[in-house]
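S.K.: Below: sequence and its predicted model.
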There are 2 protein chains.
Amino acid sequence: MNAAGIVVEYNPFHNGHLYHINETRRLSNADTIIAVMSGSFLQRGEPAIVDKWTRTKVALQHGVDIVVELPYAFSTQRAEIFAQGAIEILSHLKCRFFCFGSENGGMDPFLHTAEQLKKNSIELDTCVRSLMKEGMSYPAAQTKARNEVFGENALPLDLSKPNNILGFHYVQANLGLPTPMQPLTIQRKGAGFHDTESTGPIASATAIRQRLFTKEEPIHDVMPSLSAEAMQNRPLHSWESYWPLLRYRLLSIEPGRLASIYEVEEGIGPRLTEAARQNSSFAGFMGQVKTKRYTWTRLQRMMTHILTDTDKASMQKAQQTSFARLLGMTESGRAYIRSIKKEMEVPLLSRTAAAGSLLALDIKASRVFASAPNASESYVRSLLEQEYSMPPILL
Amino acid sequence: MNAAGIVVEYNPFHNGHLYHINETRRLSNADTIIAVMSGSFLQRGEPAIVDKWTRTKVALQHGVDIVVELPYAFSTQRAEIFAQGAIEILSHLKCRFFCFGSENGGMDPFLHTAEQLKKNSIELDTCVRSLMKEGMSYPAAQTKARNEVFGENALPLDLSKPNNILGFHYVQANLGLPTPMQPLTIQRKGAGFHDTESTGPIASATAIRQRLFTKEEPIHDVMPSLSAEAMQNRPLHSWESYWPLLRYRLLSIEPGRLASIYEVEEGIGPRLTEAARQNSSFAGFMGQVKTKRYTWTRLQRMMTHILTDTDKASMQKAQQTSFARLLGMTESGRAYIRSIKKEMEVPLLSRTAAAGSLLALDIKASRVFASAPNASESYVRSLLEQEYSMPPILL
């Protein structure tokens, strides 16, 4: 048996994701599709719209054979660390291929760019560091450093595009593996794209979340019906649902404790407290705190770690441990797992009880995810219980 | 001018409190009554029913001339530390007298008992420590140790009665001062007592809070009308209002951080997390966590410190600083302050802006007090603002 890996959030699962799965199978000709999926909190530093078990089930219903969790220690990080964590898990699961969507759509520019950047890495790093010292954000400093070192538009890959960036980091992480997988990429299709045969119209996840929250436009045309059904009649999570908790936390956290939280930098404390006092919404708070230096995404990640009380030490420890946590599989996925289990070099976890402290951060993140005020007690209780007692979903 | 001090919570202010003020004035013949009043969180480890400014105003309307805050570092503690903090503040404010309500009602038994306990303090301490090692709670160990050292009922003061205990610790703390004040005590009047001339029927604060929360019985007969008015049409705070926040906190706190919180002992963490998962109310949670070793009050104090993120280091630091924070005064109180200001050996704080870090814990406690979910944003905002910008109330 052979497998192709994909890195996903499914927030929520839509037609574009279905296209990605189908294309991955077609291009790789693999019999098994493995998705490494972010758990409760996502790369842009925000809660998933619905819990990971619901998203796992939908993934399995649409062609994914195995879903493993991208742990909190990687799922809430900037592209480089996010990609590193995801690619390593796919490699531990013995994937021969991995496939990502990108704006570019061809593999050569990724490989060529990775080579160029590797050759000039010392010069680039020095440049990024000095630009950040001047107050520039990390992404802006990276772009400027590349332009300074190579000249503008001299690289074959446009690294201002979000999916090119992620893909580039997948490729880079893959090149660092003892046995690299074969990378594949498909061109991402924007809104309006039609592939009526296998999928349907494609809208961005952002646009779909907007539709879900406002309930002003229907969603059944942009996502498979089973995914649309899974989104109906259930609480949808967003930062606004956690604002009372985050606000309380910002108003109560000891300054010394705040300084120990991952991604929190010296001196920002009073600014956060002040904005927490003055704002009754997360959006208002963010608008007040945002600066050129602190981009929206960076702030959201910082807020995620404050909300989950994740400190620098725990994060460092978690990033040094390797495991694969099984969230769900099909019968065919189960056969694949049996075929590779003996070769695996990291623990394959399917029950939290047996996981010891390996899942500590992920369990905590799920507990926080479950704590959104205004949800009914039965819903909160079900989220809390499933994190402890849920066996992997078998479809 | 001369002053008599009283130690109060006014949770809420009722006829018994009015009687206490009147009797203090009569017995001491002082022209100024100074109340040192707990701020946002109280001795039994619970939030005050209404904010401290509202309680200050009512106190000033009923004969108190000066209200100063008993800081969080003392207001949320067992009797010994609570009394130490309160008595020191009254002493810093140059009170000649202090007066407390007690079940006993006479001063000699307090003085005699203090003398006996002082003489046998080493033996008693050893005994208490060894009983606690066997798993006995602190109050139970103290009672048993006294019985073992002196024989049962051999002391002239019944130290199983809550107000005798507090009073006894006031007397003990006073004896430790360089210049002790003159202690006075009045007998506490229970429910049903009538002093129609100066006060009215007296019910316990617990019974009155019960009436306020259930709204089943009227309150105007057991408290002065201005106090009853102050309680009307405003959110009443109780532990249940903070349960969503405490629950979230218990479900998210890093184990290492939990261990650093004041009053939290090793090994209780998993028990707290488990109970937080399973309970939708504070009462249910407490019922599940309570043991013989962890009494209700002790647990409530522990929960208060977890809710306010108060660690052992901050508490130690706060207990070593001395100041008096003015919450309100009458014209006559102001004259008294002027008369003693030059002699005062600790800062008299009336604005948070000028207080530096001295008020850090108290401001944080007030911010947490203001964070109860389900309160309207305008109410939350008003509580948050007044802590920063409120000058002392002048009546």
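M.R.: Thanks, I have it. Residues are numbered from 1 along each chain as shown, chains lettered A, B, ... in the order given.

S.K.: C-alpha only now, for contacts and for neighbours.
M.R.: Fine.

S.K.: how about the residues of chain A near chain B?
M.R.: By C-alpha under 8 Å from any C-alpha of the partner chain, the residues of chain A that approach chain B are A:244-245, A:247-248, A:251-254, A:277-278, A:280, A:307-310, A:364-365, A:367-368, A:371, A:373, A:377, A:381, A:384.

S.K.: Please flag which of the residues you listed sit within helices.
M.R.: Among the residues of chain A next to chain B, the ones falling in helices (DSSP state H) are A:244-245, A:247-248, A:251-252, A:277-278, A:307, A:364-365, A:367-368, A:377, A:381, A:384.

S.K.: for the residues you listed, which one is nearest residue A:58?
M.R.: Using C-alpha to C-alpha, residue A:384 is the member of these that lies nearest residue A:58, at 20.2 Å.

S.K.: Just list the residues touching that closest one, thanks.
M.R.: A:366, A:367, A:370, B:277 (C-alpha atoms under 8 Å, 6 or more residues apart in numbering or on different chains).

S.K.: Thought residue A:385 was touching the third one, still the case?
M.R.: No - with contacts counted by C-alpha atoms under 8 Å, residue A:370 stays clear of residue A:385, the gap being 9.8 Å.

S.K.: Name whatever forms a beta bridge with residue A:67.
M.R.: In this entry, residue A:67 is beta-bridged to residue A:35, residue A:328, by DSSP bridges.

S.K.: Which residues are in contact with it?
M.R.: Residue A:67 touches A:34, A:35, A:36, A:37, A:56, A:59, A:60, A:326, A:327, A:328, A:329, counting by C-alpha under 8 Å, 6+ apart.

S.K.: Compute the distance between it and residue A:348, please.
M.R.: Note on residue A:67: its distance to residue A:348, by C-alpha to C-alpha, to the nearest Å, is 12 Å.

S.K.: Pull up the overlap in contacts between the two.
M.R.: Listed as contacting both residue A:67 and residue A:348 by C-alpha under 8 Å, 6+ apart are residue A:326.

S.K.: Identify the farthest-apart pair in the contacts of residue A:384.
M.R.: Most distant of the contacts of residue A:384, by C-alpha to C-alpha, are A:366 and B:277, 11.7 Å apart.

S.K.: Please say which of the two ends up with more neighbours.
M.R.: Set side by side, residue A:366 and residue B:277 show more neighbours around residue A:366, with 25 against 20, by other C-alpha atoms under 10 Å in any protein chain shown.

S.K.: so how far is residue A:49 from the closest residue to that one other than its chain neighbours?
M.R.: The spatial neighbour of residue A:366 that comes closest, neighbours along the chain excluded (C-alpha to C-alpha, 6 or more residues apart in numbering or on different chains), is residue A:40 at 5.8 Å. Between residue A:40 and residue A:49 the distance is 9 Å, computed by C-alpha to C-alpha.

S.K.: So the two - more neighbours on which side?
M.R.: Between residue A:40 and residue A:49, residue A:40 has the larger neighbour count (other C-alpha under 10 Å), namely 29 against 22.

S.K.: my read: that one touches residue A:365, true?
M.R.: Yes - with contacts counted by C-alpha under 8 Å, residue A:40 reaches residue A:365, the gap being 6.3 Å.

S.K.: what residues do the two have in common as contacts?
M.R.: residue A:72.

S.K.: what's the residue in the stretch 51-200 of chain A positioned nearest to chain B in contact with, if anything?
M.R.: Closest approach between the stretch 51-200 of chain A and chain B, counting by C-alpha to the nearest C-alpha: residue A:72, at 13.6 Å. With contacts defined as C-alpha under 8 Å, 6+ apart, residue A:72 is in contact with A:38, A:39, A:40, A:41, A:361, A:362, A:365.
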